[in-house]
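Q: sequence and predicted model, in that order:
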Amino acid sequence: MSLATIELHPGADAVATVVVLHGLGADGTDFLPLADEMDLAAVGPVRYVFPRAPERPVTINGGHRMRAWYDVYGAFERGMREDEAGLRASFAMIDALIEREVERGVPAERIVLAGFSQGCAIALATGLRHARRLAALVGLTGYLPLAAATAGERHAANAATPVLLAHGTRDAVVDIARGHAGRDAVAALGNPVQWHEYPMEHSVCLEEIRAVERFVRDALPPAAGA
């Protein structure tokens, strides 16, 4: 399945791409303001891609259909049963989206894969497994799914890819302990990890966006001729 996307194109050929994966029940439009807030002029022309997850029944929400990267069976607790089939299907869709960006002329090493909540889970797990070196991974207010399988399935291409993780200390949807566990698991793999905590709930704050902006600029040096 190919993903529908919302895209913001620069006024010239893109030299980098930032892919942002939304959370459960959203559709990508909620992160359009991110592109307005982030100043990546030093990088050169940047394309933003906001893919829309397929609609599916979500167990924790009474089986109602909504946009979701995978099913959620119960509360976010360590050791919970995970929708492995749904997760892996989304990994494959994001892999294909990255390949499409490469075909459109943006090298994989100039693609940043980011996500919020469910989108964070998919961005982390897909990015660590992806067969092409990516510029960076950004995970906001989420966790690392299929954590026990990650060390055996990660790809050497992204063994040193920098990762930024951030979480709200008052998050009642994805407890910060799950964020800590994801941070520690990724660091144990050897990836350089930046960790940020903010006094907020299951959301994003301006200070966090500024941290992401600095991180992405560092991960994407200006392209030749940009």
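A: Looks like it came in fine.

Q: dihedrals phi and psi, the spatially closest residue to Gly168 that is not a sequence neighbour?
A: Distances taken as Cβ to Cβ, 6 or more residues apart in numbering place Met200 nearest to Gly168, at 4.0 Å, with adjacent residues excluded. Heads up, the C-betas are built off the backbone N, CA and C, glycines and all. When read as degrees, to the nearest 10, the backbone of Met200 gives phi -150, psi 170.

Q: correct me, but Met200 touches Ala166?
A: No - Met200 lies out of contact with Ala166 (Cβ atoms under 8 Å); the separation is 9.8 Å.

Q: neighbour count for the two, which is higher?
A: Regarding Met200 and Ala166, a neighbour count based on other Cβ atoms under 10 Å identifies Ala166 as having more, with 27 against 17.

Q: dump the residue contacts of the more buried one.
A: 139-141, 195-198, 208, 211-212 (Cβ atoms under 8 Å, 6 or more residues apart in numbering).

Q: return a PyMOL selection command for the buried portion of the residues you listed.
A: Filtering the contacts of Ala166 down to the buried ones (16 or more other Cβ atoms under 10 Å) takes a single PyMOL command:
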select buried, resi 139+140+141+195+198+208+211+212
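
Q: nearest to Gly23 among the contacts of Ala166?
A: Thr141 (7.9 Å; Cβ to Cβ).

Q: doesn't Leu165 make contact with the closest one?
A: No - assessed by Cβ under 8 Å, Thr141 is found out of contact with Leu165, at 9.2 Å.

Q: Arg65 in helix, strand or coil?
A: strand (DSSP: H, G, I helix; E, B strand; the rest coil).

Q: now the nearest residue to it once chain neighbours are set aside: how far from Pro199?
A: Closest residue to Arg65 apart from its sequence neighbours, by Cβ to Cβ, 6+ apart: Glu55 at 5.0 Å. Glu55 sits 34 Å away from Pro199, going by Cβ to Cβ, to the nearest Å.

Q: how about Ile60?
A: In terms of Cβ to Cβ, Ile60 sits 26 Å off from Pro199.

Q: compare those two (neighbour count), which wins?
A: Using other Cβ under 10 Å as the criterion, Ile60 and Pro199 rank with Ile60 on top: 14 against 9.

Q: and the pLDDT for the more buried one?
A: At Ile60, the model reports a pLDDT of 90.

Q: so it, which state does it fall into?
A: helix.

Q: can you find the helix or strand of the protein with the lowest average pLDDT?
A: helix 32-37 (a mean of 92; mean pLDDT, DSSP states H and E).

Q: mind checking how far that helix is from the chain centre?
A: Its chain's C-alpha centre and that of helix 32-37 lie 15 Å apart, by Cα atoms, centre = their mean, to the nearest Å.

Q: using CSV, list the CA coordinates for it.
A: In CSV, the C-alpha atoms belonging to helix 32-37 read as follows (Å, rounded to 0.1, in the frame of the first residue of the first chain):
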residue,chain,number,x,y,z
LEU,A,32,2.1,21.5,9.3
PRO,A,33,2.9,24.4,11.7
LEU,A,34,6.2,22.6,12.5
ALA,A,35,7.5,23.6,9.0
ASP,A,36,6.6,27.2,9.7
GLU,A,37,8.3,27.2,13.1
